[in-house]
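# dropping a prediction and its sequence here:
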Amino acid sequence: MKNFTHALGPPLLAALCLAAGAAGQTGLPSETPAKFTEVTDSFDFSKRDVMIPMRDGMKLHTIILIPKGAHGAPILLTRTPYNASELTAHKHSTRLGPDLQGYDNATDVIVEGGYIRAVQDVRGKHGSEGDYVMTRPLHGPLNPTPVDHATDTYDTIDWLVKNVPESNGRVGILGISYDGFLPLMALVNPHPALKVSVPMNPMVDGWRGDDWFHNGAFRQLGSLDYIYEQEATRASDLKWWTSHYDDYDTYMEAGSAGEVARRHGLEQVGFWRKIVEHPSYDAYWREQAMDRVLAVQPLKVPVMLVDGLWDQEDIYGAIAVYKAIKPKDTDNDKVYLVLGPWFHGQEIGDGSTLGPLHFHSDTAMYFRREILRPFLDQYLKDGAPKADVPPVSAFETGTNRWLRLPAWPDGCGGGCSIRPAPLYLHAGLKLSFVKPEGGGTAYEEYVSDPAKPVPFRARPIGEERRKTWSEWLVDDQREASGRPDVLAFVSDALSAPVKISGQPAVHLVASTSGTDSDWVVKLIDLYPDEVAEQPAMGGYQLMVSADIFRGRYRESLETAKPIEAGKPLEYRFDLPTANHVFLRGHRMMVQIQSSWFPLYDRNPQTFVPNIFWAKPADFQKTVQRVYHAPGEESYLELPVVGP
C-alpha cells in the first residue's frame, strides 16, 4: 500500500480522497466515546469529584470518597497543594484502602473507622480555581484579599455538611506538613461543624525553624527545588534539574543560593522573590507564624499536635504551637500533644525503625490505633466513648517506651521534676556537668574554610542519598567528628542513665576572625565502642538534638549586624525538643562547626547586606574560637529529669 500511494503522487491522491468524500465515505471513526461512564458496582466505595464554591466565586476541586453503605458517617478532610486526585488514587483499586495507602492518609484509621474521606486542592493548585500563594497568609497586611485558608476551609465544610447526605454533619481536619499547616488555619473562626483538628508535623514558622530557614540560615537543599516545583506551574509538572551527581558539587559550583536560583530561572516565581526580600525575621515572617496567630485566637476546637523527634523538615512547629495555645486550655481537655520517634510524616507508615534505630514495636501503628483513632472517634462519631488519651503521649527514646504525661515537658507521669543542668565544655575537648575551674587553654579553635564546608551527611549527596533524605538526622556523625574544622567535646562514660525532656539551650561563647559566622551545635549520644546485640551501632554518634544559628542575628533577629572580629561573644539559641535517655555506659558528645552544607547555604564569613547575593570574593577563611574558661564558659543547658 505504501508503494502504491507513493506512485500515485500527491495531486492524484488528493483527488481520490475528494472523490471518496463526495461518495459519502469518511475516515475511521473515533473509538473513544464522548463520555465514558465508569462501572464501579464492585467497588467498596463511591467517588464524587466536585467543585466547591467559595465566597469569592472561585471553585475548589474536591474528591469525596464514601464507603459503600455509609450512613451517619463523619467526614475527615485534608486540604493540600499536592494533587487531590493523586492522593486519593495511589493504586487504582476496587477497595478504598489501597487507593488511600500513601501520603497523606492514615489509611487504617480512615477505612477501619468508616470515615468519609474528602481531599481538596487548595486554591490555585491542580484542579482548583484561583491564585496560588505559598502558605497563603490570613486576610490582613500580608493578604489584602477577603479570602484565605481559614475562609476556604469554612466554606468547604459548610458545603460538605449540606451536600453529603451520608454524613452526620461532623467534620475533622488533619494533614501532614503543608497539609498540617492547613488544620491550624482551620482553627481561625472555625465552622461549627469542625469538631477536631489534627495538625501533624505542621509548617508553622518558616524562618525560626521550619522549611525555609533555621535561625536565619537558609535551607537551600530541599527549599529551592520545592519552591521551583511547587510554584513554577499550577500542576507542579516542571521538575528541578541537577548538574552533578553530588549535590555538594552543584551548590559549590554556583556559589550562593541566589546564584543557584538564578540558574534555574527561579526569579520568575513569586515566593522566591519574597524570600530574597526578607532574609531577616521581619514582619513578613512574624505576622504569618501560626504559633503567633493562634496565640491570640479563642480556643474552640480540640487539637492534637503531632511531632516527630527527628523531623527533617518541620521540627519546630508543633512544639511552638503547643507552647502558644496550651496556656488557654484551662480545663486540660482541648490541646493534646504526641511526640513520636519519627521522621517527617512517618506516623502514617511503619514506625518500628528509623535508620539504624530499632524501637522494638511499631510506634506509628500504636499512635494510629491507640491515640489517633480513639481521639477522632470521640469527637466525630455519635455515641463514641471518651478516648483514654492523655494530654501528652511522648515516646522516650533510649529506653523505647511510651509515656502518658499531664503536660509537656513533664519528664514522667508523676514524682519527678526537670532541672536545668549546664553541660560544660572543658579544655582538652572534655565535657562535664562540672563547671570549669581554669587551667589549660581558654578556648579551642578551628579554621572554617567556605571552600571546604562541612557536609551535612556523607558524600556523595546524590540520587542514592536523596532516597534516604528522611533519615539524615539519625546519620552517624563520626565522619564529621574526625574533621579538623569540627570540635567534638566528649564526656566520660555515664555511670547512670541521664534523661532529658524538652529543648536544650545553647550558651556559646565564641569568636571569629571574620565579620559574620554560622554556628552549628549538635548534642550527640555516643554509643559504647561495642554493642553486642547490634554490632553496627558500636561507637555510633547519634544526633539527639541539633541546629544552626546565623551569627549576624546575635543581637536582633530582625536587624542583621556585623560581628566584631576576634571578640568573644555569647550566642544563645534553643535546639529542637528531645525526650531521650542517655543510657549507662554511653557518653555524651557536643559537636560545634560553622557550616552544614549543602543543606544550608554557606555563610561567606564576611558581612554582606544579603547573603543570597554573596560574591566569590566575599567567602573568606576564618579562625573560630570556642571559649570554656571561667567567666567565659560555653555550655548546653539540658532539661534533665530527676526525682
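It's in. Residues are numbered from 1 along each chain as shown.

# Ser545 - nearest residue in space that isn't next to it in sequence?
Leu575 (4.1 Å; CB to CB, 6 or more residues apart in numbering). Quick note: C-beta positions are derived from backbone N, CA and C, even for glycine.

# who's in contact with the one you found?
503-506, 521, 523, 545-547, 636 (CB atoms under 8 Å, 6 or more residues apart in numbering).

# ok, now how distant is the residue nearest to His264 when sequence neighbours are not counted from Val306?
With CB to CB, 6+ apart as the criterion, His264 has its nearest non-adjacent residue at 5.9 Å, and that residue is Tyr228. From Tyr228 across to Val306, the span is 28 Å (CB to CB, to the nearest Å).

# quick one: which of the two has more around it?
Between Tyr228 and Val306, counted using other CB atoms under 10 Å, Val306 has the larger neighbour count: 27 against 22.

# give me the pLDDT for the more buried one.
Here, the pLDDT recorded for Val306 equals 98.

# list the residues that contact the nearest residue to Ser470 once chain neighbours are set aside.
Closest residue to Ser470 apart from its sequence neighbours, by CB to CB, 6+ apart: Phe343 at 4.0 Å. Contacts for Phe343 (CB under 8 Å, 6+ apart) come out as 308, 310-312, 354, 470-471, 473.

# with Pro202 instead?
By CB under 8 Å, 6+ apart, the contact list for Pro202 reads 177, 180-181, 183-184, 290, 305, 314, 317-318, 321.

# in which helix or strand would I find it?
For Pro202, there is no enclosing helix or strand under DSSP states H and E.

# not counting sequence-adjacent ones, nearest residue to it?
Gly180 (3.5 Å).

# the one you found is in contact with Asp210, isn't it?
No. Judged on CB atoms under 8 Å, Gly180 makes no contact with Asp210 at a distance of 10.2 Å.

# quick check: neighbours shared by the two?
When contacts are counted by CB under 8 Å, 6+ apart, Gly180 and Asp210 are jointly contacted by 203, 314, 317.

# possible to save those as CSV with neighbour count?
Output for the shared contacts of Gly180 and Asp210, formatted as CSV (neighbours: other CB atoms under 10 Å):
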residue, neighbour count
Met203, 24
Asp314, 27
Gly317, 30
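
# so can I have a markdown table of those showing distance to Glu38?
Compiled in a markdown table, these are given as follows (distance: CB to CB, whole Å):
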| residue | distance to Glu38 |
| --- | --- |
| Met203 | 36 |
| Asp314 | 37 |
| Gly317 | 40 |
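
# which of those sits closest to Met589?
Comparing those against Met589 with CB to CB places Asp314 closest, at 25.8 Å.

# and the pLDDT at the closest one?
The model's pLDDT for Asp314 equals 98.

# how about it, phi and psi?
The phi and psi values for Asp314, taken as degrees, to the nearest 10, are phi -130, psi 70.

# which residues pair with it across the strands?
Beta-bridge partners recorded for Asp314 (DSSP bridges): Asp210.

# re earlier: could I get the average pLDDT for the helix or strand hosting the residue nearest to His264?
Element membership of Tyr228, judged by DSSP H and E, is helix 224-231. Here helix 224-231 scores 97 as its mean pLDDT.

# same thing with stretch 390-404?
pLDDT averaged over stretch 390-404 gives 98.

# okay, buried residues for that stretch please.
390-398, 402-403 (16 or more other CB atoms under 10 Å).

# try stretch 275-290
For stretch 275-290, the neighbour count (16+ other CB under 10 Å) marks 275-276, 278-281, 284-285, 288-290 as buried.
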